[in-house]
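> coordinates for the following, if possible.
(2 chains)
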Amino acid sequence: GAVVSQHPSRVICKSGTSVKIECRSLDFQATTMFWYRQFPKKSLMLMATSNEGSKATYEQGVEKDKFLINHASLTLSTLTVTSAHPEDSSFYICSARLPVGTDTQYFGPGTRLTVL
Amino acid sequence: AQSVTQPDIHITVSEGASLELRCNYSYGATPYLFWYVQSPGQGLQLLLKYFSGDTLVQGIKGFEAEFKRSQSSFNLRKPSVHWSDAAEYFCALDTDKLIFGTGTRLQVFP
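Numbering: from 1, shown residues only, chains lettered A, B, ... in the order given. All right, here's what the predicted structure looks like:
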């Protein structure tokens, strides 16, 4: 149980284009999902907290207009990197929290974004 | 300030040897603590967690961790390491959002 998927697993795009990454909770409903960014050989940095049906809460320093988050259903959150640039290249990981009775986050397998 | 420190960036052990990965935290209230493992290019897998109760927590893959409030520590242990345990290990503190340590890379030699 508590499986989280991400799609795509890796994507290469040209500078200036937008890329959408999906995060799905496969066997549970997640009222809260999280988006992290991980630089090479570094720890995870929380970008934003995504709550179903409401606006995402962004961490300080994260551009909300650049990293658009939509949590339209209890099983799907999307992260869109708009007008991507090479410095946006990174490993993006989402997680989902079970709705009741636990504070455990379950992580997706990650998406490797490369912007040329 | 809330923080997690993993003092060891890189640890190398021989297969079959015992392992201890250190984790220290700073938090004013009762902590919720986690250990996650990440294989290269993969997401994070939960190894174990501590919320309350018994301070020795058993996890998957033969791992355990001991919560010591007096030392603000939550060290991860395994009595006998397997080559497949080679990965990056993250300790995390939940303060309504997860605060991760910088990770410890474990290398296992045959």
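> surely A:Leu46 is in a strand?
Yes. The assignment for A:Leu46 (DSSP: H, G, I helix; E, B strand; the rest coil) places it in a strand.
> what packs against the helix or strand of chain B with the lowest mean pLDDT?
One helix or strand of chain B scores below all others by mean pLDDT, DSSP states H and E: strand B:98-100, with a mean of 91. For strand B:98-100, the packing partners by 3 or more Cβ pairs under 8 Å, 6 or more residues apart in numbering or on different chains; DSSP states H and E come out as strand A:44-51, strand B:3-5, strand B:87-94. No exception for glycine: its C-beta is placed from N, CA and C like everyone else's.
> B:Ala29 is nearest to which of those strands?
Minimum separation from B:Ala29 across those (Cβ to Cβ) falls at strand B:87-94, 10.5 Å.
> what's the most buried one of the helices and strands packed on strand B:98-100?
strand B:87-94 (a mean of 22; mean count of other Cβ atoms under 10 Å in any protein chain shown).
> who in chain A is up against chain B?
A:4, A:6, A:34, A:42-44, A:46, A:49, A:91, A:93, A:95, A:103-110, A:112 (Cβ under 8 Å from any Cβ of the partner chain).
> B:Tyr36 reaches B:Leu47, doesn't it?
Yes. B:Tyr36 is within contact range of B:Leu47, at 6.3 Å (criterion: Cβ atoms under 8 Å).
> more neighbours, these two?
A direct count of neighbours by other Cβ atoms under 10 Å in any protein chain shown for B:Tyr36 and B:Leu47 places B:Tyr36 higher, at 25 against 22.
> just to be sure, the more buried one is in a strand?
Yes. Secondary structure of B:Tyr36 (three-state DSSP): part of a strand.
> now do the contacts for it.
A:107, B:44-47, B:89-90, B:92 (Cβ atoms under 8 Å, 6 or more residues apart in numbering or on different chains).
> skipping adjacent residues, who's closest to the residue most central in space within chain A in space?
With distances taken as Cα atoms, centre = their mean, chain A has A:Trp35 as the residue nearest its mean C-alpha position (3.6 Å). Among residues not flanking A:Trp35 along the chain, A:Met47 sits closest, at 4.6 Å (Cβ to Cβ, 6 or more residues apart in numbering or on different chains).
> now the buried members of the residues of chain A next to chain B.
A:4, A:6, A:34, A:43-44, A:46, A:49, A:91, A:93, A:95, A:104-110 (16 or more other Cβ atoms under 10 Å in any protein chain shown).
> inside strands: which ones of those residues?
A:4, A:6, A:34, A:44, A:46, A:49, A:91, A:93, A:95, A:105-107 (DSSP state E).
> what about the host helix or strand of A:Tyr36, distance to the chain center?
In this assignment (DSSP states H and E), A:Tyr36 forms part of strand A:32-38. Centroid displacement of strand A:32-38 relative to its chain, using Cα atoms, centre = their mean, to the nearest Å, is 5 Å.
> do stretch B:81-98 as well
5 Å.
> how about stretch B:60-77?
The answer for stretch B:60-77 is 7 Å, by Cα atoms, centre = their mean.
> swap in stretch A:87-97?
On Cα atoms, centre = their mean, the centre of stretch A:87-97 falls 5 Å from the chain's centre.
> can you list contacts of that stretch?
Taking Cβ under 8 Å, 6+ apart as the rule, stretch A:87-97 contacts A:2, A:4, A:6, A:21, A:23, A:25, A:28, A:30-40, A:44, A:66, A:77, A:79, A:81, A:103-115, B:41, B:43-44, B:98.
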